[in-house]
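Engineer: Need a 3D model of the following:
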Amino acid sequence: QVHLVESGGGLVQAGGSLRLSCAASGHTFSFSGMGWFRQAPGKEREFVAAINWSVGNTYYADSVRGRFTISRDTKNTLYLQMNSLKPEDTGVYYCARAIAPGILTRQYAYNYWGQGTQVTVSS
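Structural biologist: Numbers count the residues shown, from 1 in each chain. Down below sits the predicted model:
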């Protein structure tokens, strides 16, 4: 079993920045990638960004491209640097891990999910 824990969320004014982290623990084995998703109040969860773990290719939703940066470190920690935040970026942000190769922009590719961290951007 893999346990994912997000941190770094909070309240920030529009135009500000936050850096989310996702730490993994539990059974360690190879996996294909990790991603960030978010869910705004009253809306479905949506893709934000993903990274192919071995190659390092990154993928972004159009709404965050150029403002958000996904990255990883050698300790299997996932990050999401969020700059120029907008009120529409408000939501609960989840990290997830995909075991088998798949389309990392799709939720069904992921096997493990964290509990989420709240990000609130005020106008």
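Engineer: contacting residues around the residue nearest to the spatial centre of the chain?
Structural biologist: Nearest to the mean C-alpha position of the chain, by C-alpha atoms, centre = their mean, lies Trp36 at 2.0 Å. Residues counted as contacts of Trp36 (C-beta atoms under 8 Å, 6 or more residues apart in numbering) are Leu20, Cys22, Val48, Ala49, Ala50, Ile70, Leu78, Leu80, Tyr93, Tyr94, Cys95, Ala96. In this view, the C-beta of every residue, glycine as well, is placed from N, C-alpha and C.
Engineer: Keep only those of those residues that are in helices.
Structural biologist: Among the contacts of Trp36, no member is found in helices (DSSP state H).
Engineer: Which of those sits closest to Leu104?
Structural biologist: Ala50 (3.7 Å; C-beta to C-beta).
Engineer: now, among the contacts of Trp36, which is nearest to Ser123?
Structural biologist: For those, the nearest to Ser123 is Tyr93 (18.9 Å; C-beta to C-beta).
Engineer: From Tyr79, how far off is the residue nearest to the closest one when sequence neighbours are not counted?
Structural biologist: Leaving aside its sequence neighbours, Tyr93 sits nearest to Arg38 (C-beta to C-beta, 6 or more residues apart in numbering; 4.8 Å). From Arg38 across to Tyr79, the span is 15 Å (C-beta to C-beta, to the nearest Å).
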